[in-house]
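1. Just the structure for this:
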Amino acid sequence: MEPALKGTVALVTGASSGIGAATAAALAGHGAAVALAARRRDRLEAVAADIRGGGGTALALESDITDQPQAAEAVRRTVAELGRLDTLVNNAGVMLLGPAVGAPLEEWQQMVELNVLGLLFCAHAALPHLLRAAEDGPRQVADMVNVSSVAGRAARNGNNVYALTKHGVGAFSESLRQEVTGRYVRVSLVEPGATATELASHNRPEVLESLSSQMGQRMEASDIADAITYIVTRPRHVTINEMLIRPTEQVR
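-> This is a model prediction of the structure:
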């Protein structure tokens with residue numbers, strides 16, 4: 001049997017590590033050519049080299065998607081250099097936790113710029129190409145997968161603005177799904193629970209200390225990549241609209 005994604009092209013944001021890197025490798029393993037977008041060129045090149053070493057096709061795109069022209073350029077280069085765009089995985093994000101009282105305002109701004117605006121900039125630039133892929137692509141269907149969080153389901157003490165951004169991603173995804181699903185662009189929302197990535201490491205030391213006492217069982221980035229791969233390899237007539245994934249021992 002041919003790989004399920006043979007002949008397709010995927011763009012994955014936040015692809016220099018964690019869920020993004022694992023997802024790019026997983027999609028390449030199913031036959032997709034992958035474009036990897038992130039700010040850290042050295043890490044991107046290493047992920048791309050691993051994919052190429054396994055026989056896949058990978059394009060490293062150094063890009064800060066919080067800048068709209070750079071986000072649009074990442075999409076443009078993907079199509080120009082790989083020929084098309086069938087799948088967009090909006091994975092890039094930042095999680096800065098802690099009390100709202102006395103929080104550094106720049107942390108709130110950073111989360112809104114990356115988790116919301118960066119996702120929107122990529123989605124806006126990609127949509128015409130995804131619609132075209134659904135019409136004339138090898139699978140006659142295209143996918144946008146937006147990575148949210150358990151925090152997109154439930155706001156908790158300390159996750160205030162992070163929860164705000166992820167609830168927004170969920171609302172945007174559902175509205176867009178209703179708009180384009182009849183044209184066979186599938187919009188899916190993935191909501192991971194605790195996962196062993198770099199995400200938590202960007203918090204302030206006092207927040208990290210608090211988080212370390214709360215850390216229990218965690219999933220691997222590859223677990224979430226498996227879920228995303230499952231979503232985009234479904235047959236044309238099947239859409240996974242939403243997937244909430246927690247470690248078995250995670251209660252909330």
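2. Is it correct that Asp223 is in contact with Thr248?
-> No: using C-beta atoms under 8 Å, Asp223 is not in contact with Thr248; the gap is 11.1 Å. (Each C-beta comes from the backbone N, C-alpha and C, glycine too.)
3. the helices in the protein, which residues?
-> 18-29, 41-53, 68-82, 105-111, 119-136, 160-180, 205-212, 221-232 (DSSP state H).
4. on that earlier part again, more crowded one of Asp223 and Thr248?
-> Asp223 (16 against 7; other C-beta atoms under 10 Å).
5. Can you tell me how far the more buried one is from Gly170?
-> Distance of Asp223 to Gly170, computed by C-beta to C-beta, to the nearest Å: 20 Å.
6. before we move on, what about Leu114?
-> Taking C-beta to C-beta, one finds Leu114 at 16 Å from Gly170.
7. can you check Ala134 too?
-> In terms of C-beta to C-beta, Ala134 sits 23 Å off from Gly170.
8. about what we covered before: quick one: closest of the helices of the chain to Pro99.
-> Closest approach to Pro99 among these is made by helix 160-180 (8.1 Å; C-beta to C-beta).
9. can you pull the buried residues of the closest one?
-> 160-170, 172-173, 176-177, 180 (16 or more other C-beta atoms under 10 Å).
10. Quick one: residues in contact with that helix.
-> 90, 93, 95-97, 100, 103, 107-108, 111-112, 115-116, 119-120, 123, 127, 130-131, 144, 146, 148-149, 151-156, 186-189, 191, 241 (C-beta atoms under 8 Å, 6 or more residues apart in numbering).
11. tell me the mean pLDDT for it?
-> For helix 160-180, mean pLDDT is 97.
12. give me every residue that touches the residue nearest the centre of the chain.
-> With distances taken as C-alpha atoms, centre = their mean, Asn91 lies nearest the centre of the chain, 1.7 Å away. For Asn91, the contacting residues are Val12, Thr13, Gly14, Ala15, Ile19, Gly20, Thr23, Val147, by C-beta under 8 Å, 6+ apart.
13. Looks like the last one contacts Ile19 (just checking).
-> Pointing back at Val147 there. Yes: counting by C-beta under 8 Å, Ile19 is a contact partner of Val147 at 6.6 Å.
14. any common contacting residues for these two?
-> What both Val147 and Ile19 touch, as defined by C-beta under 8 Å, 6+ apart, is the set Asn91, Pro192, Ile224.
15. now, among these, which is nearest to Pro69?
-> Closest to Pro69, out of all of those and judged by C-beta to C-beta, is Asn91, at 20.4 Å.
16. The closest one and Gly137: what is the separation?
-> For Asn91 relative to Gly137 (C-beta to C-beta), the value is 22 Å.
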